[in-house]
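> model this:
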Amino acid sequence: MLDKTFAVSARAYNYVQFVLPTQARVIGTFQAQGGKNDIWVSIVDEVGFTNFTNGTAAQTYYNTGGYATVGKIDVVLRPGSYWMVFDNRQATFTNKVVTARLAAIW
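Numbering: from 1, shown residues only. The predicted structure is shown next:
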């Protein structure tokens, strides 16, 4: 589903949308570099993504609970559309380089 390295600008976020046609176990890892080597990572559904982009509280299916350098993801998700969000809005000047790998096990 995801295996890439990308930049997340300061005061910004990036996301990757993925669709699960059936219930699946979603596993993966991420690592951030740059500045304090930290990023806030969440997985949200469509309602959660709408709330997140509007700056309101969003239900998450995975959440680092704060900024982290590395993390492991292991969640079971129902069929539907999801967004994996990489949030660097707290950083004033520093871009982050994130390496993320995510796979679904049906």
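
> CA only for contacts and neighbour counts going forward, please
Fine.

> and the gap between Ala10 and Tyr82?
From Ala10 across to Tyr82, the span is 24 Å (Cα to Cα, to the nearest Å).

> who's more crowded, those two?
Shown here are Ala10 and Tyr82; by other Cα atoms under 10 Å, Tyr82 has more neighbours (23 against 17).

> Test my guess that the more buried one contacts Val47.
No. If you go by Cα atoms under 8 Å, Tyr82 and Val47 don't touch, sitting 9.5 Å apart.

> All the strands of the protein, in order from the start?
Secondary structure of the chain by DSSP state E: the strands cover 2-8, 13-20, 24-33, 40-45, 62-63, 70-77, 80-87, 96-105.

> what's the most buried one of the ones you listed?
strand 40-45 (a mean of 23; mean count of other Cα atoms under 10 Å).

> Other residues contacting that one?
58-68, 80-88 (Cα atoms under 8 Å, 6 or more residues apart in numbering).

> Tell me how far the spatially closest residue to Asp3 that is not a sequence neighbour lies from Asp74.
Residue nearest to Asp3 in three dimensions, not counting chain neighbours: Arg101, with 4.4 Å by Cα to Cα, 6 or more residues apart in numbering. Arg101 is 12 Å from Asp74, where distance means Cα to Cα.
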